[in-house]
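**Student:** Give me a model of this one.
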Amino acid sequence: MAAEIPRLIYQSNLEAARRQMDWYYEVFGPEHFFLELQSHQIKELDSITSTWSAWAGAMRRALWRPTMCTTWDPEDARLQDILLAIQTGCVLSDPNRMRMTDNTYYLRSPQEMRSLFAEVPQAIDNTILIAERCNVDLGFKGYHLPVFDVPEGHTPESYLREQCEKRLAQALW
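**Tutor:** A predicted model of the protein is given here:
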């Protein structure tokens, strides 16, 4: 919901959302541009999903896919809440920040997903299409973090610490 196009839809700026969607479609092409469908107990998400479904019916050119929902476990709820606050640039004490407020964040079965998105049946097929394009090896050997340049005068550790402290100071204010 915090992404560019859904935010424009939520703000009722449908023309700007359509223009932005068309731009992504043109830049990435029909085989690489997918809109994310989700089903959670969030009122605002319902309006975004219904708008996208209507557009899919009208356009017939867009490829659609649902998201694979994050695994939800009551013991992990606090960690998920902290990650979401970080992602959205908010502090935990902000009463108006985005939150995961229901128990629908779990890995759903293909049958449940097909039922939830029956009006967009190609969504499940497109999810499989995307998964088949992935080649991920997260074995325990090797370095899996991105490579980045460390400014002169820093070690990787000192630069990471400086960046963390800088962002923490910003988040606290």
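**Student:** In terms of pLDDT, where does the residue of the chain most remote from its centre sit?
**Tutor:** Farthest-out residue of the chain from its mean C-alpha position, per C-alpha atoms, centre = their mean: residue 153, at 35.9 Å. Residue 153 carries a pLDDT score of 96 in this model.
**Student:** Against residue 159, how distant is it?
**Tutor:** 9 Å (C-beta to C-beta, to the nearest Å). All C-beta atoms are positioned from the backbone trio N, CA, C, and that covers glycine.
**Student:** again, but for residue 121
**Tutor:** As judged by C-beta to C-beta, residue 121 and residue 159 stand 48 Å apart.
**Student:** who's more crowded, those two?
**Tutor:** Neighbour count, other C-beta atoms under 10 Å: between residue 121 and residue 159, residue 159 has more, with 15 against 10.
**Student:** so what's that one up against?
**Tutor:** By C-beta atoms under 8 Å, 6 or more residues apart in numbering, residue 159 lies in contact with 150, 151.
**Student:** Buried by neighbour count: which residues of the host helix or strand of it qualify?
**Tutor:** Using DSSP states H and E, residue 159 maps to helix 156-172. By neighbour count with 16 or more other C-beta atoms under 10 Å, helix 156-172 contains no buried residues.
**Student:** can you check stretch 80-100 too?
**Tutor:** For stretch 80-100, burial by neighbour count (16+ other C-beta under 10 Å) applies to 80, 81, 84, 85, 98, 99, 100.
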